[in-house]
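Undergrad: Quick one: sequence and predicted model below, then my questions.
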Amino acid sequence: MKKTVLITGASRGIGRATAIAFAKEDYRVIINYFQSVHPAQQLQSALREQGYDVLALQADVSNKKDVNRMMQDIKDSFGTVDILVNNAGISQQKLFTDTTEEDWDHLFDYNVKACYYCSQAVLPDMLAKKRGKIINISSIWGICGASCEVAYSASKAAVIGLTKALAKELGPSNIQVNCVAPGVINTDMNRCLDEQTLHTLCDQTPLCRLGSPEDIASAILFLADAKADFITGQIFSPNGGFLI
Ligand code: NAP
């Protein structure tokens, strides 16, 4: 029987590549999006034309009502969620001294609270089935910290803490919780970086290039597979050797 995967923030970047990778492996894929209506609808159409079982659903995952509505829509169309990929996220570059309380709350709402809402929403069914996987997307900056990205780094470190604690709590229920902490990936999130900064980041990477969204999608796909059933509470960091 086909497994159902919910990928948050799948209209662009890493989430989009992950949706394509799962669809091609014959999962039923829910493409969550927030503001990018056309990219999400186009992705749904393109994958359906190729015969894949996908559904695009709009929800702001930092909003509990939106998450609950999305979950009801999923139940009505696909049934229960077997795998949740908490990928939706935002970044911000600012000096810590300029970071406002609104900035801080915004980053934590989108990057951390969304994981809490979505995980709580899928867990009753996973617990009943004694099976399921949650894969949270953190960042290398959540491991080592980034200058001028203190709030982002702290929110991504929180995702790592959430992963480890939840893995301990859910292990006895046969639910694996893991984290993927990507290095610097070529997506819209890094469009704000100038050429010089991107060159420097490549120079600091032993594999001498930025990662692609597909590099991260394949790591997520691996953790979702039954072959990874004995892996839980781990932080898997595809980063080209940036952090060794
Ligand atoms: P991206 O290209 O900027 O795409 C972000 C995605 O998140 C979009 O699909 C966006 O949806 C969605 N999103 C944002 N807020 C949302 C919300 N409240 N509700 C639902 N969806 C929301 O970013 P990316 O580079 O693919 O990043 C994906 C994840 O990887 C993030 O968690 C990011 O922190 C992490 N990461 C990225 C990098 C990197 O270098 N790119 C490195 C490490 C970790 P809409 O466009 O529909 O609004």
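TA: Yes, it's here. These numbers were taken from a predicted model, which means no experiment stands behind them. Numbers count the residues shown, from 1 in each chain.
Undergrad: So residue 193: helix, strand or coil?
TA: The three-state label for residue 193, taken from DSSP: H, G, I helix; E, B strand; the rest coil, comes out as coil.
Undergrad: swap that for residue 177, please
TA: From three-state DSSP, the assignment for residue 177 is strand.
Undergrad: From residue 145, how far off is the spatially most central residue of the chain?
TA: Centroid check for the chain by Cα atoms, centre = their mean gives residue 87 as the closest residue, at 1.6 Å. Distance from residue 87 to residue 145, counting by Cβ to Cβ, to the nearest Å: 21 Å. From N, CA and C alone the C-beta is placed, and that goes for glycine too.
Undergrad: Residue 120 too?
TA: Distance from residue 120 to residue 145, by Cβ to Cβ: 28 Å.
Undergrad: and if you look at residue 40?
TA: On the measure of Cβ to Cβ, residue 40 and residue 145 end up 32 Å apart.
Undergrad: in which helix or strand would I find residue 32?
TA: With elements taken from DSSP states H and E, the one containing residue 32 is strand 28-33.
Undergrad: What is that strand packed up against?
TA: strand 4-7, helix 13-24, helix 37-49, strand 54-58 (3 or more Cβ pairs under 8 Å, 6 or more residues apart in numbering; DSSP states H and E).
Undergrad: among those, which is the most enclosed?
TA: For the helices and strands packed on strand 28-33, the largest average neighbour count (mean count of other Cβ atoms under 10 Å) is found in strand 4-7, namely a mean of 27.
Undergrad: Work out the sheet partners of that one and label each with its direction, please.
TA: Counting by DSSP bridges, the strands paired with strand 4-7 are strand 28-33 (parallel), strand 83-86 (parallel).
Undergrad: tell me the SS of residue 159?
TA: Residue 159 - assigned by three-state DSSP - is helix.
Undergrad: need the residues of this structure near the ligand, please.
TA: 8-9, 11-15, 32-36, 60-62, 87-91, 110, 137, 139, 182, 184-185, 187-190 (Cβ under 6 Å from any ligand atom).
Undergrad: can you tell me the average pLDDT over whichever helix or strand residue 116 is part of?
TA: According to DSSP H and E, residue 116 maps onto helix 114-129. The pLDDT scores in helix 114-129 average 98.
Undergrad: Give me the helices and strands touching the helix or strand following that helix, please.
TA: Counting by DSSP H and E, the element after helix 114-129 in chain order, helix or strand, is strand 132-137. Contact here means 3+ Cβ pairs under 8 Å, 6+ apart; on that basis strand 132-137 packs against strand 83-86, helix 114-129, helix 150-170, strand 175-180, helix 213-224.
Undergrad: tell me which residues in the lowest-mean-pLDDT helix or strand in the chain are buried?
TA: Least confident helix or strand of the chain, by mean pLDDT, DSSP states H and E, is helix 195-203 with a mean of 94. For helix 195-203, burial by neighbour count (16 or more other Cβ atoms under 10 Å) applies to residue 201.
Undergrad: Distance of the residue sitting furthest away from the middle of the chain relative to residue 206?
TA: Farthest-out residue of the chain from its mean C-alpha position, per Cα atoms, centre = their mean: residue 97, at 28.4 Å. Residue 97 is 33 Å from residue 206, where distance means Cβ to Cβ.
Undergrad: Could you do residue 10 as well?
TA: 30 Å.
Undergrad: Neighbour count for those two, which is higher?
TA: Shown here are residue 10 and residue 206; by other Cβ atoms under 10 Å, residue 10 has more neighbours (32 against 9).
Undergrad: got the contact list for that one?
TA: Residue 10 makes contacts with 16, 18, 19, 29, 30, 31, 32, 33, 40, 43, 87, as judged by Cβ atoms under 8 Å, 6 or more residues apart in numbering.
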